[in-house]
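Q: 3D, please:
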Amino acid sequence: MVKRRRKINIGIITALPDVELPAILKVFNIDPNKKEDTILENYRYWFSSISSLKAQKDFTVVITSIGTSGNINSNAATNALIQNFNPDLLLFVGIAAGLEKKVNLGDVVVSEKVISYETGRLTPEGVEQRPQFEHPPHHILQDIRFFTQQISSSLWIDIFNNLQATLSSDQSPPDTTNLRPQMHLGSIASGEKLFADGSLSEIRKKYDEKIYAGEMEGIGFSMASEKERIPWIVIRGISDFGNPLTKDSRLKDRYHHLAANSAASWVKLFLEKAYSGPPQQEINQLFNHRTMLCNTILEGIQNMTATHGLDDDTWAKAISSQYFLIGLAKALNLTGQKDYLNLLDRFLSSFHYNIKGELILEKGHILITPEETEKIIHFMKEEDTKDNYYTQSEKMKAENIDGTQMHNNYHYGLTLRIASSEKIQVLSEIKKVAIDKLIKSNNCLDEYGGWYPYRIPWITARILISFKECDQSDIDANFMIIQRALESLIRRIYMEKYWRSGVGIWVSKWESTALCLEALDRWDYVKQNETKIKKVLRHVIENQKEWMVNPPNFSSEDNANNTLSSIVMASVLLRVIKNNFSFEEFSINPDDYLRYFKDCMSVVSGISSPTVRQFCTIPQLMYYITDAVTNYIQADKVDKL
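A: Okay, the predicted model is just below:
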């Protein structure tokens with residue numbers, strides 16, 4: 001966390017210092033000619049406060065202006081304000097072009113969504129448009145809807161008229177006596193160009209029928225806010241319709257101050273009457289209880305790790321389990337211990353140099369039993385006899401899958417993450433071998449993106465998770481392959497609900513879905529595909545009774561495998577929803593999952609040798625529980641600050 005100089009409750013940012021800033025200053029009873037209260041990193045700041053009726057408390061306010069337009073500038077100004085004041089709410093307030101016939105001059109558009117309509121991907125055929133979407137968090141949207149339903153518009157008009165009275169005759173249109181601004185909750189298009197060609201309606205048709213305004217700062221502001229997990233809103237007063245300039249343009253420019261006043265007056269009334277404040281009360285009530293629960297879970301994992309050791313013969317027998325044990329050691333800060341070093345030595349013993357000086361992976365160290373690949377192929381063929389989904393394609397049929405290439409990809413993917421765990425020469429050499437095997441080997445990549453076989457998306461997901469642990473230079477060198485792999489995961493969502501596993505009952509569809517979600521989340525690819533991911537999350541949550549084995553059960557191979565799948569899914573679900581504000585609409589109780597993790601550890605620690613189909617079940621179980629718990633503790637601490 002960046003050290004903040006001073007805690008302020010609400011941060012307000014404007015772009016235009018001569019139009020938008022004076023309106024906001026005046027609405028907070030600050031003389032626009034008053035010198036700023038402080039200057040930090042070349043940004044000027046004014047301080048004020050406001051009393052909230054709904055929250056029943058006073059909030060401190062800091063106001064600034066970026067001095068110019070553009071999303072890069074708004075992003076930088078937002079980051080600076082966050083670093084200096086750590087606000088609970090951020091507002092970007094100003095003027096914008098509106099969609100003619102949908103809004104009127106002086107109306108206010110409040111962001112339900114901000115759309116970056118100019119983002120895209122360069123392809124041989126040209127630019128492929130790939131809009132990016134940002135949403136204010138759910139509890140803020142609830143406050144905005146409360147405003148529209150419960151707050152009298154006459155109160156808004158009174159504040160607006162008072163601001164209008166401060167304008168000179170050349171700053172306002174001739175007659176605004178009967179003007180009554182309306183609020184529109186909808187989408188705002190944000191790019192790097194000023195709308196002056198009438199194209200806003202075309203952008204609306206192309207991307208979102210709820211676009212009511214277009215501007216140049218919202219996406220930079222909202223991305224900076226999202227990055228630091230701070231709730232935000234973009235508020236825009238409509239000053240023009242983004243049409244080509246005419247001889248009447250100078251007259252229309254006089255709507256700039258009117259639009260700024262309309263937006264500023266809405267902000268004041270919203271904060272006074274509708275803003276409920278940060279949802280800290282509930283968090284504070286749960287924080288101590290949840291922290292105790294998390295600590296109990298981690299204590300159980302630490303005790304079990306201490307009892308067995310990271311280099312336990314059963315746990316650390318092959319690369320598949322070493323992968324999770326290395327991650328567990330990192331999460332529990334055990335990397336300086338002897339058993340961790342022994343674990344790395346065991347990993348290194350899986351390789352030898354040949355006469356050419358090449359590092360070769362010992363095949364006997366890849367699998368716990370030589371017949372594991374044959375078992376997986378068996379389950380794939382069994383699936384094909386029960387379901388014709390894969391048999392419709394020669395490429396996907398189990399009988400045509402190269403088992404050796406499949407397992408090489410999977411295990412070199414695991415190797416990649418282990419070799420990235422420490423900055424030592426021999427591990428760097430192994431990492432290079434792994435990358436070469438994953439990028440340059442014949443048939444290792446699918447021509448439609450991702451790794452072979454296309455039938456099994458979770459292999460691609462696991463490799464992507466490993467690549468995220470690599471040095472930036474490794475990521476940059478293979479960026480296009482990684483990008484295509486991420487895109488391929490989105491394409492492989494089955495019926496907009498989940499990811500099939502492709503290996504029958506060996507890996508459940510729920511575990512496959514969890515791994516794909518984890519990969520997309522770790523690469524920040526969830527927001528770019530928010531609509532599709534929401535459908536997956538909704539399906540997963542609605543079908544929790546199907547995938548969660550409760551109480552945990554390790555009495556048979558199937559039960560153990562299904563319990564592991566439950567843990568992986570619950571861990572990833574917590575991570576994805578906690579990391580993305582726009583998914584707050586999904587009503588899950590984190591404590592239910594944390595208690596489930598506690599029950600799992602109680603069961604596992606009470607049996608000497610759980611019956612499992614996959615030998616790395618226990619390390620994987622502990623890794624995913626630890627990842628979920630430590631991530632949640634960190635997120636709760638951030639929320640509580």
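Q: name the helix or strand of this structure that has the lowest mean pLDDT.
A: helix 249-252 (a mean of 52; mean pLDDT, DSSP states H and E).
Q: for the very next helix or strand once past it, what is the distance to the chain centroid?
A: Next helix or strand after helix 249-252 toward the C-terminus (DSSP states H and E): helix 255-273. Centroid separation between helix 255-273 and its chain, computed with C-alpha atoms, centre = their mean, to the nearest Å, is 31 Å.
Q: which neighbouring elements make contact with helix 255-273?
A: helix 20-27, strand 43-52, strand 89-98, strand 108-116, helix 138-150, helix 153-164, strand 232-240 (3 or more C-beta pairs under 8 Å, 6 or more residues apart in numbering; DSSP states H and E). For glycine as for every other residue, the C-beta is placed from the backbone atoms N, C-alpha and C.
Q: what's the average pLDDT for the longest one?
A: To tie it back to what came earlier, the one meant is helix 138-150. Throughout helix 138-150, pLDDT has a mean value of 91.
Q: kindly report the same for the second one.
A: Mean pLDDT, computed over strand 43-52, is 94.
Q: one more: the shortest one?
A: For helix 20-27, the per-residue pLDDT values average out at 96.
Q: C-terminal to that helix, what's the next element?
A: Note on helix 20-27: by DSSP H and E, the next helix or strand toward the C-terminus is strand 38-40.
Q: contacts for that next one?
A: Strand 38-40 is contacted from outside by R5, R44, Y45, F47, A80, N84, using C-beta atoms under 8 Å, 6 or more residues apart in numbering.
Q: pick the one among those closest to L21.
A: R44 (9.0 Å; C-beta to C-beta).
Q: in contact with the closest residue to the closest one other than its chain neighbours, which residues are there?
A: Counting by C-beta to C-beta, 6 or more residues apart in numbering, E36 is the residue found nearest to R44 once chain neighbours are left out, at 3.8 Å. E36 sits next to R44, Y45, W46 when contact means C-beta under 8 Å, 6+ apart.
Q: measure E36 to W499 for me?
A: 53 Å (C-beta to C-beta, to the nearest Å).
Q: over to the residue nearest to R44: give its phi and psi.
A: E36 adopts backbone torsions of phi -60, psi 160, taken as degrees, to the nearest 10.
Q: how much space between it and V19?
A: For E36, the distance to V19 - C-beta to C-beta - is 17 Å.
Q: and what of E546?
A: E546 is 56 Å from V19, by C-beta to C-beta.
Q: the two: which has the busier surroundings?
A: Set side by side, E546 and V19 show more neighbours around V19, with 21 against 11, by other C-beta atoms under 10 Å.
Q: to T296, which of the helices and strands packed on helix 255-273 lies closest?
A: Across those (criterion: C-beta to C-beta), the nearest stretch is helix 138-150, sitting at 29.1 Å.
Q: what residues sit buried inside the closest one?
A: Neighbour counts over helix 138-150 (16 or more other C-beta atoms under 10 Å) mark I140, L141, D143, I144, F146, F147 as buried.
Q: looking at those residues, spot the one nearest H378.
A: Using C-beta to C-beta, these come closest to H378 at L141, 50.1 Å.
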